[in-house]
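>>> I'll drop the sequence and a predicted model, then ask my questions.
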Amino acid sequence: MVIDVKKLYEKDHVGKEVILQGWIRSHRKQKEFGFIDFYDGTCFKSIQIIYESDIDDFEDIQKLKAGCSLTIEGVVVESPGAGQAFEVKAKKITLEGDSLEDYPIQPKRHTREFLREVAHLRPRTNLFQAVFRIRSVVAMAIHEYFQNNGFVYVHTPLLTTSDCEGSDQMFKVTTVDFDKLPKDENGKFDASKDLFGKQVYITGTGQLHGEAFAMAFKKIYTFGPTFRTEKSNTKTHANEFWMIEPEIAFCDLEGLMDIEEEMLKYVVKQVIDKCPKEMQFLDKFVENGLLDKLNKLVSSNFVRINYEDVIPILKKAAVKWDFEPEFGEDIAKEHEKYITEYFDAPVFITNWPKEIKPFYMKLNPDGKTVASVDLQVPGAGELMGGSQREEDFNKLVKRCDEMNIDKSSIDWFINLRKYGTCVHSGFGMGFERLLIYLTGVENIRDVIPFPRTPNNCDF
């Protein structure tokens, strides 16, 4: 009976015969025996396979290389070596799939830049075994939190006419022949001749459609891919990434921050509990102190402070800023880092100037700020951004006009305010940005299986 390597570590199998199926990570050969570092992807740990010269096809087995897929039949025995309680003594080793001499993932350290060039093979390395298993656990934890708290999971469309991000940041979708573009009387592209009869984009957010469902189900969340055309090659930007976007009816800004804090603590705790080996590996080889950082977040009381109180703190700081903090402007990465260090805790910064925030945020009574919130976490900066949404129809229309928003493409969204509107709030969190924080792997290209960034759409 075939058994997963994971099961060998969950229950004592010493003395039992097992069949394993997986791959060679490394192979050490001696004259009369050999050791295979064997893994099957079901857990972070590998297992040592030992074989001796009396096994069938001994000479052929000695030729097996890293990357080969095998079926191992053997007995679990206590290991005399240090660092492992047991190993498998092979009775039969069957080659399922050979690996050529030019197999790129050899038993040595590879740079992350090199591994991006072989993204189809990098999941076989220890680093990416850890990162992508954590990605899976985090995704499940996010669903668990919202499902356990009465949220409805909504699949918002990837194709949209809602130009809420600005058409210059959104991918355009078309079915027309580029060599025979239909044009109007002004010589411009005639979208009416396209499949949908209008200009269509690949979504940059599920928020607007999510708000519509929040007005029916009270608490909803979206969790899916989003796309931006931003030509940025920073460590935290990609053209395809995943977003978590809850929307909650009858919820103000204070209630929203309660949910953000509770959700983040839940997810972090799940990763610490369910991925101990992966987290220990990352703490040792990627970011020293990672586990301390995450455990501290779980036990922290998040600070809540107004934007207008943050700027004076930054201005009084005995720091030579690369970007001088100013009222009415966004804060830079260096400011985010300082604020979390200043309070020694995650920090909610609230009530930002309306000029630097989107049209749909609730205008505060001062007429100058909006009821928005950004969560800054130690070591990563901004992790979530949210707001109380503007529920007043006339005020929302006015904001659209002030910001030159094309109301025709989102008239249905604006009109939600005519039919049973209420106080409501929501936030967005980039899934990959969360993974960067949780794993210590600082580049977004290394927490997405196949990254899509400027000049890079391989695989």
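Happy to help now that I have it.

>>> which SS class is the residue of the chain positioned farthest from its centre?
Ranked by distance from the centre of the chain (Cα atoms, centre = their mean), the top residue is D54, with 49.1 Å. Recorded secondary structure, D54: coil (DSSP: H, G, I helix; E, B strand; the rest coil).

>>> make 7 the starting number, not 1.
All right, first residue 7 from here; so that's D60.

>>> correct me, but D336 touches I362?
Yes - D336 lies in contact with I362 (Cβ atoms under 8 Å); the separation is 5.3 Å. Where C-beta positions appear, they are placed from N, C-alpha and C, glycine not excepted.

>>> okay, those two: which has more neighbours?
D336 (16 against 13; other Cβ atoms under 10 Å).

>>> just the pLDDT for that one.
If you check D336, the pLDDT there is 95.

>>> go on, I345?
At I345, pLDDT is 96.

>>> just to revisit the earlier point, so how far is G334 from the residue farthest from the centre of the chain?
79 Å (Cβ to Cβ, to the nearest Å).

>>> average pLDDT for stretch 260-273?
Averaged across stretch 260-273, pLDDT comes to 98.

>>> check stretch 454-464 too.
95.

>>> list the buried residues for it?
Across stretch 454-464, burial judged by 16 or more other Cβ atoms under 10 Å covers 454, 457-459.

>>> next one: phi and psi at the nearest residue to F437 once chain neighbours are set aside?
Excluding the flanking residues, the one nearest F437 by Cβ to Cβ, 6 or more residues apart in numbering is W248, at 3.8 Å. Here is the backbone geometry of W248 (degrees, to the nearest 10): phi -110, psi 150.

>>> same deal with N294?
N294 adopts backbone torsions of phi -60, psi 130, taken as degrees, to the nearest 10.

>>> distance of it relative to F233?
35 Å.

>>> so between those two, which is more surrounded?
Neighbour count, other Cβ under 10 Å: between N294 and F233, F233 has more, with 20 against 12.

>>> touching, N132 and Q286? I think so.
No - using Cβ under 8 Å, N132 is not in contact with Q286, being 11.6 Å away.

>>> neighbour count for these two, which is higher?
N132 (17 against 14).

>>> quick one, phi/psi of the more buried one?
Taking degrees, to the nearest 10, you get phi -60, psi -40 for the backbone angles of N132.

>>> repeat that for F120.
phi -60, psi -40.

>>> need the nearest residue in space to it, chain neighbours excluded.
Distances taken as Cβ to Cβ, 6+ apart place P110 nearest to F120, at 7.9 Å, with adjacent residues excluded.

>>> among the buried residues of stretch 454-464, name the ones in helices.
The helices, defined by DSSP state H, take in nothing from the buried residues of stretch 454-464.

>>> got the contact list for Q54?
Contacts for Q54 (Cβ atoms under 8 Å, 6 or more residues apart in numbering) come out as 41-44, 85, 87, 90, 93-94.

>>> among the residues you listed, which one lies nearest to Q27?
Checking the contacts of Q54 against Q27 by Cβ to Cβ gives F44 as the nearest, at 9.7 Å.

>>> ok, the closest one touching I53?
Yes - counting by Cβ under 8 Å, F44 touches I53, with 5.5 Å between them.

>>> need the residues touching each of the two.
Counting by Cβ under 8 Å, 6+ apart, the shared contacts of F44 and I53 are 11, 26, 94.

>>> pLDDT at the second one, what is it?
What the model reports for L26 is a pLDDT of 98.

>>> who does G432 form a beta bridge with?
G432 forms beta bridges with E253, S393, as assigned by DSSP bridges.

>>> swap that for V94, sorry
Here V94 sits in beta bridges with I55, V82, going by DSSP bridges.

>>> with the one 4 residues further on instead?
Listed by DSSP bridges, the beta-bridge partners for K98 are E79.

>>> is it in contact with F64, as I believe?
No - counting by Cβ under 8 Å, F64 is not a contact partner of K98; they are 11.4 Å apart.

>>> related to what we said a few turns ago, how about the buried residues of stretch 454-464 in TSV, adding distance to E16?
As requested, those are exported to TSV (distance: Cβ to Cβ, whole Å):
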residue	distance to E16
I454	30
P457	34
R458	37
T459	39
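
>>> could you single out the nearest of those to K299?
Checking the buried residues of stretch 454-464 against K299 with Cβ to Cβ, the nearest one is I454 at 22.2 Å.

>>> show me the contacts for the closest one.
Applying Cβ under 8 Å, 6+ apart, the residues near I454 are 244, 246-247, 438.

>>> just V429 next, same as before
Per Cβ under 8 Å, 6+ apart, neighbours of V429: 255-258, 394, 397.

>>> weed out the non-buried ones from those.
255, 257, 394, 397.

>>> specify the beta-bridge partners of Y45.
W29.

>>> just checking, it touches G28?
Yes - using Cβ under 8 Å, Y45 is in contact with G28, at 5.5 Å.

>>> show me which of the contacts of V429 is closest to Q36.
Minimum distance to Q36 across the contacts of V429 is 65.8 Å, recorded for C257 (Cβ to Cβ).

>>> tell me the pLDDT at that closest one?
98.

>>> that one belongs to a strand?
No - judged by three-state DSSP, C257 forms no part of a strand; its state is coil.

>>> from L259, how far off is the residue lying closest to it once chain neighbours are set aside?
Distances taken as Cβ to Cβ, 6+ apart place S431 nearest to C257, at 4.6 Å, with adjacent residues excluded. Counting by Cβ to Cβ, the gap between S431 and L259 amounts to 6 Å.

>>> more neighbours, the two?
Per other Cβ under 10 Å, whichever of S431 and L259 has more neighbours is S431, with 29 against 23.

>>> hmm, E260 and that one touching each other?
No - using Cβ under 8 Å, S431 makes no contact with E260, being 9.3 Å away.

>>> mind checking how far the nearest residue to P359 once chain neighbours are set aside is from T211?
Among residues not flanking P359 along the chain, G334 sits closest, at 5.0 Å (Cβ to Cβ, 6+ apart). As defined by Cβ to Cβ, G334 lies at a distance of 25 Å from T211.

>>> more neighbours: these two, which one.
A count of neighbours by other Cβ under 10 Å puts T211 above the other of G334 and T211, at 21 against 12.

>>> I'd guessed the more buried one sits against I250; true?
No - counting by Cβ under 8 Å, T211 does not reach I250; the two are 11.3 Å apart.

>>> what is in contact with the two at once?
Joint contacts of T211 and I250 (Cβ under 8 Å, 6+ apart) are G434.

>>> where in the stretch 357-465 of the chain is pLDDT low?
Applying pLDDT under 70 to the stretch 357-465 of the chain flags no residue at all.
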